[in-house]
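Predicted coordinates and the sequence they were generated for:
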Amino acid sequence: TALVVGNTIGIGIFLLPASLAPYGFNALVGWGITVVGMTVLARVFSRLARQFPQADGPYAYMRSTLGEWPAFIALWCYWISCWITNSALAVGVVGYLGSAIPALARVSPLVLAMSLLWLFVGGNLLGARTGGRVQVVTTALKLLPMVVVISLGVWLLLAEPAAYTRNPPSTPLDFGSMLAASTIALYAMLGVESAAVPAGRVRDASRTIPRATMAGTLLTAAIYVAVSAVAITLIPQQELAASEAPFADLLDRFLGAGSGRWLSLFVVVSGLGALNGWILLTGELTRTMASHDMLPRGLQRLNRFGAPAAGLVVTGVFASAMVLMNYSKSLVEGFTFLTLVVTAANLPMYLCCALALVILWRRGERPASRDLLVLGVLGSAYSVFAFFGMGREPFLWGLALAAVGVPVYAYLRRSRAVRGSSAGTP
């Protein structure tokens, strides 16, 4: 449960109210759609863990049902989403950094984002132990800002309920806005698969992973919906949409100027911890994929500290490129776009895992029941729904990222064949 909550809660929720502000109350309906959809996907991963208790996570689920090629493309997209997440986290932290340390507000956001990104790449180049120590310090602070926001919301509801009706959003309810808002909200819920990724190393995986996945998903969803509702209903819509630190502005508004600065400090620490953790994860994922011939073999090299240096540097360069591409937009616009691209890159794995249940049901090879079909169809339908909801540009980006994986797969497969024939030659 802690792994799911920890990997799902990053910096996204702290900027998401600003991204969702233009949609008004459509955002809350969108959150409802997202929670239902991600609960279904959490059930998908729970059932796969029961069906494949000895499998080593989502790649094994997909490969054993859909085959090697679809499994590679889905994992390729997931790998891309990891280093784009690093760029989104760096951009998101910068918004609160200026609120926490006013002197840094005069520094270019681009310079700050790039500096943070490479600071933590450098830290992880010193080895996993260094990166892990940073993670331990920051993980416990993730929930504190949310507890403060929820407590403020409850206090105002009891002491001054009129605050919730003073500045209602003016955007009318319509299905298109609900669809778009639900896709933006989906970014904050990415990570429901976290308990399944290390499945091969989990004791009693068929029981532990389903429980952790469902409990973590529902707890995270409850926290996210609560804090989003507080921000959307208490801050005027236009002001919220322009905010680079929504929760800091919320505390300044109701608890006095300067109150939000202390919250911002915790948000920055939480965001930096998430950035460190995802950089560490991305480097290790790159090394693992390279060692299994799913990326060029040179990316599995370790430096003298035991860190996957090649993987860290290459993914750091890719993340830097995404930061540079999006600083022509405002901070909130750039963050919103990056989150949509990350979502697009995650959806192939969610879709393939849902289809895996349908295939298992059709084969009838394992202890199965009709709920395999129901979960598979609902999970697939929600994944397709999310693809359509993200809009044309992020959808095309996701399609292009998947397409790039096709020649990479062909090249790696050919390389394996050449090495195999060379090894068999006397």
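Okay, I see it. Numbering: from 1, shown residues only.

Below-threshold pLDDT in the stretch 251-400 of the chain: ranges please.
327-332, 365-369 (pLDDT under 70).

The stretch 1-150 of the chain too?
Scanning the stretch 1-150 of the chain for pLDDT under 70 picks out 1-12, 55-56, 128-142.

Show me where it has its helices.
Ranges of helices within the stretch 1-150 of the chain are 2-8, 12-20, 26-51, 58-66, 68-100, 109-125, 128-139, 144-159, based on DSSP state H, counting those that start in this stretch.

Report the buried residues of the last one.
Right, helix 144-159. Buried residues in helix 144-159, counted by 16 or more other CB atoms under 10 Å: 145-146, 148-150, 152-153, 156. Using the backbone N, CA and C atoms, a C-beta is placed for each residue, glycine as well.

just to revisit the earlier point, a markdown table please, covering the helices of the stretch 1-150 of the chain and showing distance to residue 271.
Output for the helices of the stretch 1-150 of the chain, formatted as a markdown table (distance: least, CB to CB, whole Å):
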| stretch | distance to residue 271 |
| --- | --- |
| helix 2-8 | 13 |
| helix 12-20 | 7 |
| helix 26-51 | 21 |
| helix 58-66 | 26 |
| helix 68-100 | 4 |
| helix 109-125 | 9 |
| helix 128-139 | 9 |
| helix 144-159 | 10 |
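
Of the ones you listed, give the one that comes closest to residue 397.
Ranking the helices of the stretch 1-150 of the chain by proximity to residue 397 (CB to CB) places helix 68-100 first, at 9.4 Å.

got the angle for the closest one vs helix 12-20?
Relative orientation of helix 68-100 versus helix 12-20 (axes from the mean of the first three to the mean of the last three CA atoms, to 10 degrees): 80 degrees.

Which strands and helices lie in contact with helix 68-100?
With contacts taken as 3 or more CB pairs under 8 Å, 6 or more residues apart in numbering; DSSP states H and E, helix 68-100 sits against helix 12-20, helix 58-66, helix 109-125, helix 246-255, helix 259-291, helix 309-326, helix 331-363, helix 392-424.

Mind putting the ones you listed into TSV with mean neighbour count and distance to residue 42?
Formatted as TSV, those follow (neighbours: other CB atoms under 10 Å; distance: least, CB to CB, whole Å):
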stretch	mean neighbour count	distance to residue 42
helix 12-20	27	18
helix 58-66	22	13
helix 109-125	20	29
helix 246-255	22	26
helix 259-291	23	20
helix 309-326	20	27
helix 331-363	23	10
helix 392-424	13	22
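
Dump those helices to JSON lines, plus distance to residue 167.
Below are these laid out as JSON lines (distance: least, CB to CB, whole Å):
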{"stretch": "helix 12-20", "distance to residue 167": "14"}
{"stretch": "helix 58-66", "distance to residue 167": "43"}
{"stretch": "helix 109-125", "distance to residue 167": "28"}
{"stretch": "helix 246-255", "distance to residue 167": "10"}
{"stretch": "helix 259-291", "distance to residue 167": "18"}
{"stretch": "helix 309-326", "distance to residue 167": "30"}
{"stretch": "helix 331-363", "distance to residue 167": "19"}
{"stretch": "helix 392-424", "distance to residue 167": "30"}
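
between the ones you listed, which one is nearest to residue 223?
Nearest to residue 223, of the helices and strands packed on helix 68-100 and by CB to CB, is helix 12-20 at 7.9 Å.

Report the inter-axis angle for the closest one versus helix 246-255.
80 degrees.

Residues contacting helix 12-20, please?
Under the criterion CB atoms under 8 Å, 6 or more residues apart in numbering, residues 27, 30, 88, 92, 95-96, 145-146, 181, 184-185, 187-188, 223-224, 227-228, 231-232, 235, 240-247, 267, 270-271, 332, 335-336, 339 lie in contact with helix 12-20.

One more: stretch 406-417?
69, 72-73, 76, 293-296.

give me that answer again for 10 Å
Outside stretch 406-417, the residues within contact range by CB atoms under 10 Å, 6 or more residues apart in numbering are 68-69, 72-73, 76, 289-290, 292-297, 405.
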